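Engineer: take a look and give me a structure for this.
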Amino acid sequence: MELNHLRVFYEVAKIGRFTEAAKRLNISQSALSRSVALLEESEGVQLFERSKRGVALTPIGTEVFLRCEELFRTFHEIEGLCRGTRETCEGPLRFATTDHVTNDLLVGPLQSFRKRYPMVIPSLFTGTPDEIVHALLNTECEFGLLFSKVTIPQIDYQILRAQEPMVLVCHPDVWKKNKSSSDTKTLKKVIESVGYIASIGALLQTRPSRVLQELFGEMPRIGFETNSQEVQKRICVKGGGVAYLSRFMVAGEIESGKLHEIQVDHPHVFNLWLATRKGRQLSFTARTFLQHLKDEGVAT
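Structural biologist: Residues are numbered from 1 along each chain as shown. The predicted structure follows:
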(Lines give C-alpha, C1' and ligand atoms only; values in the text may rest on other atoms or scores of the structure.)
Protein backbone atom coordinates (compact mmCIF):
# COMPACT_ATOMS: atom_id res chain seq x y z
CA MET A 1 0.00 0.00 0.00
CA GLU A 2 1.45 3.34 -1.11
CA LEU A 3 1.23 6.24 1.36
CA ASN A 4 0.87 8.68 -1.55
CA HIS A 5 -2.18 6.77 -2.81
CA LEU A 6 -3.73 7.04 0.64
CA ARG A 7 -3.09 10.78 0.68
CA VAL A 8 -4.82 11.17 -2.69
CA PHE A 9 -7.76 9.09 -1.49
CA TYR A 10 -7.97 11.19 1.68
CA GLU A 11 -8.18 14.48 -0.24
CA VAL A 12 -10.86 13.15 -2.59
CA ALA A 13 -12.88 11.86 0.38
CA LYS A 14 -12.73 15.23 2.15
CA ILE A 15 -13.78 17.26 -0.90
CA GLY A 16 -16.13 14.80 -2.61
CA ARG A 17 -14.95 15.58 -6.16
CA PHE A 18 -11.95 14.42 -8.18
CA THR A 19 -11.53 17.74 -10.00
CA GLU A 20 -11.26 19.89 -6.88
CA ALA A 21 -9.00 17.37 -5.15
CA ALA A 22 -6.64 17.34 -8.14
CA LYS A 23 -6.40 21.13 -8.03
CA ARG A 24 -5.64 21.10 -4.31
CA LEU A 25 -2.93 18.47 -4.79
CA ASN A 26 -1.62 20.23 -7.91
CA ILE A 27 -1.75 17.09 -10.04
CA SER A 28 -3.75 16.14 -13.12
CA GLN A 29 -7.16 14.59 -12.68
CA SER A 30 -6.06 11.50 -14.61
CA ALA A 31 -3.10 11.01 -12.26
CA LEU A 32 -5.38 11.41 -9.26
CA SER A 33 -7.95 8.94 -10.64
CA ARG A 34 -5.17 6.46 -11.37
CA SER A 35 -3.84 6.70 -7.80
CA VAL A 36 -7.27 5.95 -6.36
CA ALA A 37 -7.81 3.10 -8.81
CA LEU A 38 -4.43 1.58 -7.93
CA LEU A 39 -5.26 1.76 -4.23
CA GLU A 40 -8.60 0.03 -4.78
CA GLU A 41 -7.05 -2.60 -7.08
CA SER A 42 -4.11 -3.36 -4.81
CA GLU A 43 -6.33 -3.88 -1.77
CA GLY A 44 -9.28 -5.46 -3.61
CA VAL A 45 -11.86 -2.97 -2.29
CA GLN A 46 -14.20 -0.29 -3.62
CA LEU A 47 -13.71 2.92 -1.66
CA PHE A 48 -16.02 5.25 -3.60
CA GLU A 49 -19.45 5.17 -5.18
CA ARG A 50 -19.06 7.32 -8.30
CA SER A 51 -21.82 9.40 -9.92
CA LYS A 52 -22.24 12.56 -12.00
CA ARG A 53 -22.71 14.57 -8.78
CA GLY A 54 -19.37 13.45 -7.38
CA VAL A 55 -18.26 10.59 -5.20
CA ALA A 56 -19.53 9.12 -1.92
CA LEU A 57 -17.66 6.84 0.41
CA THR A 58 -18.62 3.18 0.62
CA PRO A 59 -18.83 1.64 4.11
CA ILE A 60 -15.24 0.36 3.85
CA GLY A 61 -14.22 3.70 2.33
CA THR A 62 -15.61 5.49 5.37
CA GLU A 63 -13.58 3.30 7.70
CA VAL A 64 -10.42 3.86 5.66
CA PHE A 65 -11.08 7.62 5.69
CA LEU A 66 -11.35 7.67 9.49
CA ARG A 67 -8.06 5.79 9.80
CA CYS A 68 -6.47 8.20 7.33
CA GLU A 69 -7.55 11.10 9.50
CA GLU A 70 -5.73 9.56 12.44
CA LEU A 71 -2.73 8.66 10.27
CA PHE A 72 -2.20 12.10 8.74
CA ARG A 73 -2.96 13.91 11.99
CA THR A 74 -0.25 11.83 13.65
CA PHE A 75 2.05 12.47 10.72
CA HIS A 76 1.64 16.25 11.08
CA GLU A 77 2.14 16.03 14.85
CA ILE A 78 5.40 14.13 14.35
CA GLU A 79 6.46 16.57 11.66
CA GLY A 80 5.74 19.49 13.96
CA LEU A 81 7.55 17.84 16.85
CA CYS A 82 10.68 17.30 14.76
CA ARG A 83 10.57 20.89 13.52
CA GLY A 84 9.95 22.27 16.99
CA THR A 85 6.58 23.74 15.99
CA ARG A 86 3.10 23.47 17.47
CA GLU A 87 -0.29 22.71 15.95
CA THR A 88 -1.96 25.76 14.49
CA CYS A 89 -5.65 26.59 14.48
CA GLU A 90 -6.47 26.98 10.81
CA GLY A 91 -8.37 25.46 7.91
CA PRO A 92 -11.95 24.20 7.79
CA LEU A 93 -14.11 23.80 10.89
CA ARG A 94 -16.86 21.44 9.72
CA PHE A 95 -19.72 20.83 12.12
CA ALA A 96 -23.50 20.51 12.21
CA THR A 97 -26.24 21.73 14.53
CA THR A 98 -29.85 22.89 14.60
CA ASP A 99 -31.02 26.34 13.55
CA HIS A 100 -32.00 27.49 17.05
CA VAL A 101 -28.63 26.47 18.52
CA THR A 102 -26.94 28.44 15.75
CA ASN A 103 -29.10 31.54 16.05
CA ASP A 104 -29.30 31.79 19.83
CA LEU A 105 -26.06 30.25 21.09
CA LEU A 106 -23.38 30.26 18.40
CA VAL A 107 -23.46 33.46 16.34
CA GLY A 108 -21.50 35.53 18.87
CA PRO A 109 -18.96 32.82 19.79
CA LEU A 110 -18.39 32.04 16.10
CA GLN A 111 -17.62 35.68 15.34
CA SER A 112 -15.23 36.06 18.28
CA PHE A 113 -13.56 32.76 17.30
CA ARG A 114 -13.06 33.97 13.72
CA LYS A 115 -11.49 37.20 14.96
CA ARG A 116 -9.12 35.26 17.18
CA TYR A 117 -8.29 32.64 14.53
CA PRO A 118 -8.70 34.36 11.13
CA MET A 119 -7.25 31.38 9.22
CA VAL A 120 -10.15 29.15 10.29
CA ILE A 121 -13.05 28.77 7.84
CA PRO A 122 -16.23 27.64 9.65
CA SER A 123 -18.39 25.33 7.55
CA LEU A 124 -21.73 24.99 9.34
CA PHE A 125 -24.53 22.62 8.34
CA THR A 126 -27.93 23.14 9.99
CA GLY A 127 -30.60 20.49 10.05
CA THR A 128 -32.66 18.11 12.14
CA PRO A 129 -30.99 15.65 14.56
CA ASP A 130 -31.39 12.87 11.99
CA GLU A 131 -29.75 15.01 9.30
CA ILE A 132 -26.92 15.96 11.66
CA VAL A 133 -26.17 12.32 12.44
CA HIS A 134 -26.30 11.48 8.72
CA ALA A 135 -23.67 14.19 8.08
CA LEU A 136 -21.47 12.68 10.79
CA LEU A 137 -21.78 9.17 9.38
CA ASN A 138 -20.87 10.45 5.90
CA THR A 139 -17.84 12.28 7.40
CA GLU A 140 -19.19 15.58 6.03
CA CYS A 141 -18.82 17.07 9.54
CA GLU A 142 -16.45 16.44 12.44
CA PHE A 143 -19.02 16.87 15.19
CA GLY A 144 -22.62 17.81 15.84
CA LEU A 145 -24.42 19.83 18.52
CA LEU A 146 -28.00 18.80 19.24
CA PHE A 147 -30.54 18.55 22.04
CA SER A 148 -32.14 15.26 20.94
CA LYS A 149 -30.06 12.11 20.77
CA VAL A 150 -30.35 9.85 17.76
CA THR A 151 -29.33 6.60 19.39
CA ILE A 152 -27.29 4.50 16.98
CA PRO A 153 -24.13 2.52 17.81
CA GLN A 154 -21.81 4.50 15.49
CA ILE A 155 -22.30 7.79 17.39
CA ASP A 156 -20.78 8.82 20.73
CA TYR A 157 -22.38 11.54 22.88
CA GLN A 158 -21.14 13.69 25.71
CA ILE A 159 -22.88 16.55 27.50
CA LEU A 160 -21.80 19.99 26.30
CA ARG A 161 -24.44 22.05 28.15
CA ALA A 162 -26.58 20.51 30.87
CA GLN A 163 -30.18 20.91 31.99
CA GLU A 164 -31.46 23.52 29.55
CA PRO A 165 -35.07 24.31 30.57
CA MET A 166 -38.06 24.47 28.24
CA VAL A 167 -40.87 27.03 28.37
CA LEU A 168 -44.42 27.00 26.99
CA VAL A 169 -45.36 30.26 25.25
CA CYS A 170 -48.00 31.97 23.14
CA HIS A 171 -48.80 35.48 21.97
CA PRO A 172 -50.15 37.68 24.84
CA ASP A 173 -53.22 38.72 22.82
CA VAL A 174 -54.11 35.08 22.15
CA TRP A 175 -53.89 34.35 25.88
CA LYS A 176 -56.02 37.39 26.82
CA LYS A 177 -58.64 36.60 24.18
CA ASN A 178 -59.14 33.09 25.60
CA LYS A 179 -58.79 34.02 29.27
CA SER A 180 -60.85 31.76 31.53
CA SER A 181 -61.23 31.06 35.25
CA SER A 182 -57.90 29.20 35.48
CA ASP A 183 -54.66 28.88 33.53
CA THR A 184 -55.49 25.24 32.78
CA LYS A 185 -58.84 26.15 31.22
CA THR A 186 -57.29 29.10 29.38
CA LEU A 187 -54.58 26.88 27.89
CA LYS A 188 -57.20 24.39 26.74
CA LYS A 189 -59.16 27.15 25.00
CA VAL A 190 -55.97 28.52 23.40
CA ILE A 191 -55.05 25.06 22.05
CA GLU A 192 -58.58 24.62 20.69
CA SER A 193 -58.40 28.07 19.09
CA VAL A 194 -54.94 28.27 17.51
CA GLY A 195 -53.43 24.81 18.06
CA TYR A 196 -49.98 23.64 19.07
CA ILE A 197 -46.91 24.40 16.91
CA ALA A 198 -45.14 21.03 16.70
CA SER A 199 -42.07 19.44 15.22
CA ILE A 200 -42.75 17.38 12.12
CA GLY A 201 -43.70 13.86 13.15
CA ALA A 202 -45.06 14.83 16.59
CA LEU A 203 -48.18 12.74 15.93
CA LEU A 204 -46.04 9.63 15.44
CA GLN A 205 -44.89 7.38 18.25
CA THR A 206 -41.60 9.18 18.77
CA ARG A 207 -39.93 11.10 21.58
CA PRO A 208 -41.71 14.41 20.79
CA SER A 209 -45.10 12.75 21.22
CA ARG A 210 -44.08 11.42 24.65
CA VAL A 211 -42.94 14.90 25.68
CA LEU A 212 -46.30 16.35 24.64
CA GLN A 213 -48.20 13.63 26.47
CA GLU A 214 -46.26 14.45 29.64
CA LEU A 215 -46.78 18.20 29.16
CA PHE A 216 -50.50 18.26 28.33
CA GLY A 217 -51.67 14.88 29.64
CA GLU A 218 -52.83 14.07 26.12
CA MET A 219 -51.85 14.87 22.58
CA PRO A 220 -52.83 18.50 21.89
CA ARG A 221 -54.49 19.64 18.69
CA ILE A 222 -51.68 20.24 16.22
CA GLY A 223 -52.13 23.49 14.32
CA PHE A 224 -48.75 23.73 12.58
CA GLU A 225 -45.75 21.45 11.98
CA THR A 226 -42.19 22.39 11.04
CA ASN A 227 -38.75 20.87 11.47
CA SER A 228 -37.34 24.31 12.41
CA GLN A 229 -37.61 25.55 15.99
CA GLU A 230 -36.74 29.03 14.75
CA VAL A 231 -39.83 28.90 12.53
CA GLN A 232 -41.89 27.64 15.49
CA LYS A 233 -40.80 30.71 17.45
CA ARG A 234 -41.60 33.12 14.60
CA ILE A 235 -45.07 31.60 14.09
CA CYS A 236 -45.70 31.82 17.82
CA VAL A 237 -44.66 35.49 17.97
CA LYS A 238 -47.21 36.19 15.20
CA GLY A 239 -49.98 34.54 17.22
CA GLY A 240 -50.04 31.32 15.22
CA GLY A 241 -50.19 28.90 18.13
CA VAL A 242 -48.61 27.60 21.32
CA ALA A 243 -44.95 26.56 21.24
CA TYR A 244 -42.70 24.64 23.65
CA LEU A 245 -39.16 25.94 23.21
CA SER A 246 -35.82 26.22 24.97
CA ARG A 247 -35.93 29.16 27.35
CA PHE A 248 -32.78 30.70 25.86
CA MET A 249 -34.64 31.06 22.55
CA VAL A 250 -37.49 33.18 23.91
CA ALA A 251 -36.18 34.81 27.10
CA GLY A 252 -35.92 38.19 25.36
CA GLU A 253 -39.42 37.97 23.87
CA ILE A 254 -40.91 37.03 27.25
CA GLU A 255 -39.13 39.92 28.95
CA SER A 256 -40.23 42.42 26.29
CA GLY A 257 -43.83 41.22 26.33
CA LYS A 258 -43.86 39.79 22.81
CA LEU A 259 -44.59 36.33 24.22
CA HIS A 260 -46.56 35.17 27.23
CA GLU A 261 -45.07 32.41 29.39
CA ILE A 262 -47.62 29.77 30.27
CA GLN A 263 -46.91 28.27 33.68
CA VAL A 264 -46.55 24.47 33.77
CA ASP A 265 -45.93 22.27 36.80
CA HIS A 266 -42.87 20.38 35.61
CA PRO A 267 -41.18 21.85 32.51
CA HIS A 268 -38.75 19.54 30.77
CA VAL A 269 -35.01 20.08 30.71
CA PHE A 270 -32.66 18.79 28.02
CA ASN A 271 -28.92 18.47 27.57
CA LEU A 272 -27.02 19.93 24.64
CA TRP A 273 -25.03 16.98 23.31
CA LEU A 274 -21.72 16.89 21.50
CA ALA A 275 -22.06 14.11 18.93
CA THR A 276 -19.09 12.50 17.19
CA ARG A 277 -18.62 9.42 15.09
CA LYS A 278 -17.31 6.58 17.22
CA GLY A 279 -13.53 6.24 16.97
CA ARG A 280 -13.02 9.63 15.30
CA GLN A 281 -10.51 12.01 16.85
CA LEU A 282 -11.33 15.68 16.54
CA SER A 283 -8.87 17.98 14.79
CA PHE A 284 -6.94 20.60 16.73
CA THR A 285 -9.15 23.29 15.21
CA ALA A 286 -12.34 21.53 16.37
CA ARG A 287 -10.93 20.97 19.86
CA THR A 288 -9.92 24.63 20.06
CA PHE A 289 -13.40 25.76 19.03
CA LEU A 290 -15.09 23.56 21.64
CA GLN A 291 -12.80 24.99 24.29
CA HIS A 292 -13.75 28.46 23.02
CA LEU A 293 -17.43 27.61 23.58
CA LYS A 294 -16.61 26.73 27.18
CA ASP A 295 -14.69 29.98 27.61
CA GLU A 296 -17.67 31.90 26.19
CA GLY A 297 -20.09 30.19 28.57
CA VAL A 298 -21.93 28.25 25.88
CA ALA A 299 -20.62 24.91 27.15
CA THR A 300 -20.10 23.66 30.67
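Engineer: so which residues of the stretch 1-150 of the chain form strands?
Structural biologist: Secondary structure of the stretch 1-150 of the chain (DSSP state E, counting those that start in this stretch): strands at 48-51, 54-57, 91-97, 120-126, 143-146.
Engineer: compare the ones you listed and give me the one nearest Tyr196.
Structural biologist: strand 143-146 (22.0 Å; Cβ to Cβ). Where you see a C-beta, it was placed from the backbone N, CA and C, and this is true even at glycine.
Engineer: now Pro118: how far from Pro109?
Structural biologist: Distance, Pro118 to Pro109, by Cβ to Cβ, to the nearest Å: 15 Å.
Engineer: go on, Thr226?
Structural biologist: Taking Cβ to Cβ, one finds Thr226 at 26 Å from Pro109.
Engineer: okay, those two: which has more neighbours?
Structural biologist: Using other Cβ atoms under 10 Å as the criterion, Thr226 and Pro109 rank with Pro109 on top: 18 against 14.
Engineer: surely that one is in contact with Gln291?
Structural biologist: No. Counting by Cβ atoms under 8 Å, Pro109 does not reach Gln291; the two are 11.1 Å apart.
Engineer: contact partners for Pro122?
Structural biologist: Residues near Pro122 by Cβ atoms under 8 Å, 6 or more residues apart in numbering: Pro92, Leu93, Phe95, Leu110, Phe113, Arg114.
Engineer: just give me the least confident of those.
Structural biologist: For these, the weakest pLDDT value sits at Pro92, with 91.
Engineer: residues contacting that one?
Structural biologist: Val120, Ile121, Pro122, Ser123, Thr285.
Engineer: hmm, what's the outermost residue in this protein?
Structural biologist: Ser181 (42.7 Å; Cα atoms, centre = their mean).
Engineer: looks to me like that residue is in a helix.
Structural biologist: No. Looking at Ser181 with DSSP: H, G, I helix; E, B strand; the rest coil, it is coil, so not inside a helix.
Engineer: quick one: it from His260, how far?
Structural biologist: Applying Cβ to Cβ to Ser181 and His260 gives a distance of 17 Å.
Engineer: just give the closest residue to the residue nearest to the spatial centre of the chain, not the sequence neighbours.
Structural biologist: Centroid-nearest residue in the chain, with Cα atoms, centre = their mean: Thr97, separated by 2.0 Å. Nearest residue to Thr97, sequence neighbours excluded (Cβ to Cβ, 6 or more residues apart in numbering): Leu145, at 4.0 Å.
Engineer: quick one, grab the pLDDT at Gly80.
Structural biologist: 69.
Engineer: quick check: longest helix of the chain.
Structural biologist: helix 59-83 (DSSP state H).
Engineer: helices and strands around it, which ones?
Structural biologist: With contacts taken as 3 or more Cβ pairs under 8 Å, 6 or more residues apart in numbering; DSSP states H and E, helix 59-83 sits against helix 3-15.
Engineer: so which bits of the helix it packs on are buried?
Structural biologist: Residues of helix 3-15 classed as buried by neighbour count (16 or more other Cβ atoms under 10 Å): His5, Leu6, Arg7, Val8, Phe9, Tyr10, Glu11, Val12, Ala13, Lys14, Ile15.
Engineer: can you check the pLDDT for the fourth one?
Structural biologist: When you say that, I think you mean Val8. 88.
Engineer: from what I can see it touches Val36, true?
Structural biologist: Yes. Using Cβ under 8 Å, Val8 is in contact with Val36, at 6.1 Å.
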